[in-house]
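> sequence and predicted structure are below.
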Amino acid sequence: MNPASNCSSRRALLHYSDLTVQRFSFAAILFAAIFSTAAARAQVSPPTFIRSLSGQFTVTAAPSVSPLFRPPGLATNCLRLDAALLAVAAENFKGSLWRQIGLNPSAAWSGRVFFELRPARSASDEVTIASRFFVKAWDYHVAMPDVVPRPRYARALAAVLLLEIANRQNRDPLRSAEIPQWLAAGLAQEVLATDGVNAALTMPAKSSGGILQAHVNESRREIDPYAGARYALENFPALTFDELAWPSSAQLDGEDGGAYLASAQLFTASLLALKDGPQKMRTFLAQLPDHLNWQTAFFAAFHADFKRPLDVEKWWSLRLVSFTAHAPGPHWNTDESRGRFDDLLAVPVEFRSTTNALPEHMTVTLQTAIRNFSTADSEAIVRVKLRDFGIAQYRMAAPFDSLAAGYRAVLADYLGEQGGSRAVIRDKRGRPVHAFAGAEGTLTKLDALDARHREIEVKLNALTSPRNLTGQ
């Protein structure tokens, strides 16, 4: 089980014991109730109440802590939250996030944030955020378990801080801004990667010589803030713009190998790296309350860069290829390259034999997708394959690297782009296959590449086949 979503290898179990019901007189019951109340007041400590340095954050915590708060079995990717530490960490987190989007960390804020720490009942407890319009401003209530995975903690803080910025000019008491999941997750990962040691404080897990100690995983900007993203995307494909918009809970918690979180971090950082990116991001946030969905606000704020979703997909694909080219990760050997290449050529599809039948899964070739699917569907498939070939070619063993470059060039031509390397495509006899217009020309060139692929496979199989006793 991925430690990003489960803080303990042994889940906390809630045990209930049977109660024996007995009959008492009314006076006895009343006396027992009064005595129990007085005893409880004498023994139970009041909740902890902490206010942060700027006054924006207030943290209340129950007098007791979760059984998960104590070892053994707690994963290093989980935080043990304390009221005082959370008040400090929230200020640090705010400063780091504000710097990411071009705000001065000492600038004025508008909405108050009230954190309520409660004992975690299990490792899967959720974090909830409630927005409320009070008098002339919005404030926010964040209910959080005292033991929580780092990605979920960071995403919650990023989301509430972005809400506070987005709602500053919003005077509609019935309509709070909605922050897209990819933005909260992406900025959260940026904060953890650049200032996680200060923005995610945790109570010590163990003691040595009577001194409490905590394990710290520190990432420094000067080393590589994208080291975690690179590692995740070496083994799992990055998500498309459309996929980033609709994540599952498992993806948000990193249970997909971290592909969603890595993609969101890189996508958000790439937006901020655009010309006037931080200013456009702040405009995007400010416009969220005025739109029914975040997509219209996004294209209004980034209209100079993107006119439609397809423009975003093109830009994002090129960004991913560029990111991979600078640090592609470990190269695959020949056997691994063969398997990866087969995966790249396959197009997974879902179909129903009848209207009411359950969906069945199968794979088809690129040629089948181009020939039989609608133009929009085939172009979407080709765009993803163009990106994946571009990323994979830097890790492929020869001769699969040049073959991948060839497929990439053909797919780029099909889309009318110049993103592919200009490899010369040849048929079985080594003659160059000349460019044709439209889908038919693309199909011809793909057929030639497939033939070349089969020739490579035949040669590799001959090299690895066992010889007979005569050595023939």
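Nice, I can see it. Numbers count the residues shown, from 1 in each chain.

> residue boundaries of the strands in the stretch 301-450 of the chain?
Ranges of strands in the stretch 301-450 of the chain, per DSSP state E, counting those that start in this stretch, are 347-351, 360-364.

> same check, this time on the stretch 101-250 of the chain
113-118, 128-134, 137-145, 147-149, 206-208, 211-213.

> columns distance to residue 228, mean neighbour count and mean pLDDT on top of those strands, output as CSV?
All C-beta atoms are positioned from the backbone trio N, CA, C, and that covers glycine. Shown next, in CSV, are those (distance: least, CB to CB, whole Å; neighbours: other CB atoms under 10 Å; pLDDT from 0 to 100):
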stretch, distance to residue 228, mean neighbour count, mean pLDDT
strand 113-118, 26, 20, 96
strand 128-134, 25, 14, 93
strand 137-145, 23, 20, 95
strand 147-149, 14, 26, 90
strand 206-208, 25, 10, 51
strand 211-213, 24, 10, 47
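
> residue 191 reaches residue 198, doesn't it?
No. Assessed by CB atoms under 8 Å, residue 191 is found out of contact with residue 198, at 9.5 Å.

> compare those two (neighbour count), which wins?
When neighbours are counted by other CB atoms under 10 Å, residue 191 comes out ahead of the other of residue 191 and residue 198, with 27 against 16.

> identify the residues contacting the more buried one.
93, 96, 97, 100, 154, 157, 158, 199 (CB atoms under 8 Å, 6 or more residues apart in numbering).

> if you rank these by neighbours, which is first?
Highest neighbour count within these, by other CB under 10 Å: residue 157, with 31 neighbours.

> excluding chain neighbours, what is closest to it?
The shortest distance from residue 157 to any non-neighbouring residue, by CB to CB, 6 or more residues apart in numbering, is to residue 93 (4.9 Å).

> in what element of secondary structure is that neighbour found?
Following DSSP states H and E, one finds residue 93 within helix 83-100.

> common neighbours of residue 191 and residue 198, please.
Common neighbours of residue 191 and residue 198 (CB under 8 Å, 6+ apart) are residue 96.

> closest to residue 319 out of the strands of the stretch 101-250 of the chain?
strand 147-149 (27.7 Å; CB to CB).

> what helix or strand is the spatially most central residue of the chain on?
Geometric centre of the chain, nearest residue: residue 261, 2.0 Å, by CA atoms, centre = their mean. Using DSSP H and E, residue 261 sits in helix 259-272.

> for the helix or strand following that helix, packing partners?
As assigned by DSSP H and E, the chain's next helix or strand after helix 259-272 is helix 277-287. Counting contacts by 3 or more CB pairs under 8 Å, 6 or more residues apart in numbering; DSSP states H and E, helix 277-287 is packed against helix 150-166, helix 259-272, helix 294-301.

> for the longest one, what is the distance to the chain centroid?
Chain-centre distance of helix 150-166: 14 Å, with CA atoms, centre = their mean, to the nearest Å.

> strand 137-145 and that one, what's the angle between them?
170 degrees (axes from the mean of the first three to the mean of the last three CA atoms, to 10 degrees).

> quick revisit: so for residue 84, which of the helices and strands packed on helix 277-287 sits nearest?
helix 150-166 (16.0 Å).

> next, the angle from that closest one to strand 113-118.
150 degrees.
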